[in-house]
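S.K.: This is a predicted model, with the sequence first.
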Amino acid sequence: MTGRIQHRETFLLNIAKQLGRSPKTELPRPTWQYQPQDRVLKDATKEELVAVLKKQCANIHTHIVISDTAKLSQDLQSVVDNYGGKSVITWKDERFKDYGLSQLMTEHWPQTNIELYEWNAQQQEENIRQAEKANIGITISEITLAESGTAVLFSSKDKGRSISFLPEKSIILIPKSTIVPRMTQAARWISEKIRRGEKIASCINFITGPSNSADIEMILIVGVHGPIQATYIVIEDR
Amino acid sequence: MAMKTSDDRFHHRVTKELENQFMRSAVSSAQERFQTRRLQQAEELGHWEEWRAHGEEIRKHVLENLDYYLYQLSENVSKRGGHVFFAQTAQEATDYIQSIAKKKDAAKIVKSKSMVTEEINLNVALEELGCEVIETDLGEYILQVADHEPPSHIVAPALHKNKEQIRDVFKEKQGYDQTEKPEELALYVREKLRNDYLTAEIGITGCNFAIAESGSITLVTNEGNADLVTALPKTQITVMGMERIVPTFEEMEVLVSLLTRSAVGQKLTSYITTLTGIKDEGDTDGPEEFHLVIVDNGRSAILGSEFQPILQCIRCAACVNACPVYRHVGGHTYGSIYSGPVGVVLSPLLGGYDDFKELPYASTLCGACTDACPVKIPLHQLIHRHRQVIVENEGKAPVSEKLLMKAFGLGASSPTLYKMATKMATPVMSPFTKDNTISNGPGPLKAWTEARDFPAPNKDNFRDWMKHRTKGGDHK
Amino acid sequence: MNVSLFATCLVDMFQGNVGKAVVEVLERLGCTIDFPENQICCGQPAYNSGYVKESKNAMKKMITTFEHAEYVVSPSGSCAFMFKEYPLVFKGDPIWEPKAQALADKTYEFTEFIVHVLKVEDVGAHLEGHATYHTSCHMTRLLGVTEAPFKLLKNVKGLHYVDLPGKDRCCGFGGTFSVKMGNISGEMVNEKVHNVEETGANILIGADAGCLMNIGGRIQRQGKPIKVMHIAEVLNCQ
């Protein structure tokens, strides 16, 4: 379904007139004189990027755990325990199984009174209700920006947006292979996708730590409308 | 709230705000924190001048090709199921948004922070329909509860209020019974607004940057409120100033990097959210209906004029944080939702010289704003340009000043008259002079001598000294 | 080297001592000084108030007056910058733009001239005291002279330098701003003097007569034991 466009012609004609020319319908991709963004962390190795990410997490009030597939279950368990367990909501995502988390999530948690809800595209109202009451939301970063300590989440029918901001605590799994220097690489990747004619997610969220505000006397409050606490678990995946 | 926030006279506002000691100390310490953090981030990033130059070239390119990019944007929004409405005036924008609210039979509307919706006075238009409109940004929410006080800073709207005042506002209006601790106040608002997000029929946002190549809009926040506003209500309306657009994700990234560092000294804020069209099939969260309202409201008249660079603005408020005048008078003195140097330039352009003719004089032309601007808007030059327009085109300069300047035109350009003036200065000023000092001067000097002494003119004229020694070859 | 002195109206009218110091320092450094008698005001007060047309007469007169000069030196960053601005004012004027450009190209602020043209950093000055320095806005930001005064002050024997807190901030002079917005200007200079006092310095140095008149006027009003000196006066102390 395409949307309506109203009053476009006169509006754009007026702009062209103000700019003293006829309307432009074609424009080659601009070439820029400056490109400082590529220099940031240009030659950093993966290990160095992990170190940058780790350091940045201190600035963004985010707990970071370096893990690998062998001890991921154990590490995730301890973060969940630290957050008081209770109830967890996750995406419906094959990768949890790939990372060897099935046993923990589907067997261990129910046995220890940790309620698990997996996002279900067939139950929309229930999804929101569960996300709203869940203590912890678990998601997976598609691209991770070392410089700013940012996880990038792509929404889909199985990957609800709300999981990353309705629950009080947010855990984001970060496959080490997803770590890039900065937002530049992520933006370029998305742009290239668009140029190839691929459809991008309706919500791409660049998340940097828990929500916060300094609106009251410039005093930093961590945890406002979104999560109050956040943990990144970096997984050595290859 | 419309753009104009006060009917009081400018000089009254100055006097009043200068007496507001809490505001002044809050503003000066906020300025220092913002500034320190901004400079620290710029330093850490490295090659800051190149970043600024890149930011500037992107913004300039977009303005030069604005019709092209708006066309591309609207096509792409439409392809992803969104409706686009181009509004020439504030009235057209609010009429359109009212019509959606009516169609949706909206009782409750949640909003994330947006300057352009304040500019077009959207909340009032929606409240006229009987809708409850809730600002969800913490600072904006505080001001809304405090009987719709105007914002005093583009990024930190409630900067002028202290935590005790905020506690009292919540107590008086909503029966809040906890302490003034910021964490408690924030938690209170978090809990209070949760249900509103879940029950609102419409979510309204502003737009930091629209992305033409994909029809996406980018929202930059720390609180996460924009995510809730756009994920939960079934209808989303985004209002954008027509210039807030970039070609692709790649340029968005550069400008966001400049924005978050310049605005709050963060590498990125907690949430940079890019939203494209309506939610996809099978998606739970996200809007079923999306409207993008693109607002001109006086902007196109700036295009092609000498003031065009002000449209490069990305609303980071770095200029506000650097301004030594804002530091003392705070945001409310400007009488506009846009305060500080950007407000000085933008308010007369969007709101007319009648209401904002004093603003261009509320600057020492020190250039701190221009230096701070991440997209290199020559702010102090534009402020100067306003003065010229006021004198030459608007005829709004005081008569006494015009006469004085006319005399200046004559006097300063005639060496004879000028020399006479330098010689006459001593006898003319002598009645006011005591111990080589004037502490209670006449005419315009009075404003000077309120706070400081004025030196008496030289008794032994420099010119005479110079002439004398050259003539006599006296090189001692 | 032949230097034509552009004294500025404030020096001409109120601060003859500064003019004298400039002449003596430059002569000591081997310059021949000429003082074109026909010089008037650079036009800045009218120009900055928006009276561009009115100010052009003064500007043309100044361009003509200094046409013969090899170097033009001014003991004021702000007034020197005004000369640099002339080409912009006369942009597109076939006669006056090139002339304005020629003047701009040979104009220097006093300290900039000593350090960059004469290539001298130690003028052999001697002054005992604790001093702080006010970096004036036009000189620093617009003219871009940031290092020269400090290089020169560093070599003044007996002078102990203390950094001024908030040194990047305007003192509130701003030409006509100081009378048009007298109360705001008064608060600004009050803060500036407070900062000067905090340094514990007994000498305040600057390179712009306007700022010094403003800050000095406030210091005098408050009866603070701080001596206000133009940098030329400091460099002239032996």
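M.R.: Here it is on my side, so go on.
S.K.: So the residue lying closest to C:Gly216 once chain neighbours are set aside: helix, strand or coil?
M.R.: Computed as C-beta to C-beta, 6 or more residues apart in numbering or on different chains, the closest residue to C:Gly216 that is not its neighbour in sequence is C:Val228, at 3.8 Å. Every residue, glycine included, has its C-beta placed from N, CA and C. Following DSSP: H, G, I helix; E, B strand; the rest coil, the label given to C:Val228 is strand.
S.K.: What is the burial count for C:Val228?
M.R.: Here the count is done by other C-beta atoms under 10 Å in any protein chain shown, and C:Val228 has 21 residues near it.
S.K.: Test my guess that it contacts C:Gly217.
M.R.: No - shown here, C:Val228 and C:Gly217 do not form a contact pair, counting by C-beta atoms under 8 Å, at 9.1 Å.
S.K.: Tell me the residues that contact both of these two, please.
M.R.: Common contacts of C:Val228 and C:Gly217 (C-beta atoms under 8 Å, 6 or more residues apart in numbering or on different chains): none found.
S.K.: all helices of the stretch 151-300 of chain B, in order?
M.R.: Secondary structure of the stretch 151-300 of chain B by DSSP state H, counting those that start in this stretch: the helices cover B:163-174, B:182-199, B:225-231, B:249-264.
S.K.: swap in chain A?
M.R.: Under the criterion DSSP state H, helices of chain A are mapped to A:8-18, A:46-59, A:72-82, A:94-98, A:102, A:109-111, A:124-133, A:183-195.
S.K.: Domain parsing of chain C, as residue ranges.
M.R.: Annotated domains of chain C cover C:2-116, C:121-235 [automatic domain parsing].
S.K.: that older thread, just the helices of chain A: most buried one?
M.R.: helix A:183-195 (a mean of 20; mean count of other C-beta atoms under 10 Å in any protein chain shown).
S.K.: quick one: is that helix near chain B?
M.R.: Yes - using C-beta under 8 Å from any C-beta of the partner chain, helix A:183-195 comes into contact with chain B via A:Met183, A:Thr184, A:Ala186, A:Ala187, A:Arg188, A:Ile190, A:Ser191, A:Ile194, A:Arg195.
S.K.: how deep is B:Ser25 tucked in, by neighbour count?
M.R.: 11.
S.K.: can you tell me which residues contact residue 48?
M.R.: Reading this off chain A. By C-beta under 8 Å, 6+ apart, the contact list for A:Glu48 reads A:Leu41.
S.K.: switch to chain B, that's the one I care about
M.R.: B:Ala42.
S.K.: List just the one of the domains of chain C that sits closest to B:Asn195.
M.R.: B:Asn195 sits nearest to domain C:121-235 of all the domains of chain C, at 45.4 Å, using C-beta to C-beta.
S.K.: Can you give me the end-to-end span of the closest one?
M.R.: End-to-end distance of domain C:121-235 (C-alpha to C-alpha, to the nearest Å): 11 Å.
S.K.: Can you tell me which of the helices of the stretch 151-300 of chain B is packed in deepest?
M.R.: Of the helices of the stretch 151-300 of chain B, the one with the most neighbours on average (mean count of other C-beta under 10 Å) is helix B:225-231, at a mean of 29.
S.K.: where along chain C do the strands fall?
M.R.: Remark: strands assigned in chain C by DSSP state E are C:2-5, C:32-34, C:71-74, C:107-109, C:126-134, C:157-161, C:203-206, C:227-230.
S.K.: on that earlier part again, let me have the helices of the stretch 151-300 of chain B in TSV, extended by distance to B:His332.
M.R.: Converted to TSV, the helices of the stretch 151-300 of chain B look like this (distance: least, C-beta to C-beta, whole Å):
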stretch	distance to B:His332
helix B:163-174	14
helix B:182-199	22
helix B:225-231	24
helix B:249-264	20
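S.K.: Nearest approach to chain C belongs to which of the ones you listed?
M.R.: Checking those against chain C by C-beta to the nearest C-beta gives helix B:249-264 as the closest, at 16.2 Å.
S.K.: relative orientation of that closest one and helix A:183-195 in degrees?
M.R.: On the basis of axes from the mean of the first three to the mean of the last three C-alpha atoms, to 10 degrees, helix B:249-264 is oriented at 150 degrees to helix A:183-195.
S.K.: Determine the set of other helices and strands touching helix B:249-264.
M.R.: Other elements packing on helix B:249-264 under the criterion 3 or more C-beta pairs under 8 Å, 6 or more residues apart in numbering or on different chains; DSSP states H and E are helix A:183-195, helix B:21-45, helix B:48-64, strand B:209-211, strand B:216-221, strand B:271-276.
S.K.: Could you rerun that using 7 Å?
M.R.: On a contact count with 3 or more C-beta pairs under 7 Å, 6 or more residues apart in numbering or on different chains; DSSP states H and E, helix B:249-264 meets helix A:183-195, helix B:21-45, helix B:48-64, strand B:209-211, strand B:216-221.
S.K.: Report how many residues lie close to the closest residue to C:Ala131 other than its chain neighbours.
M.R.: Distances taken as C-beta to C-beta, 6+ apart put C:Ile203 closest to C:Ala131, at 4.0 Å, once the chain neighbours are dropped. The tally of other residues near C:Ile203 (other C-beta under 10 Å) stands at 22.
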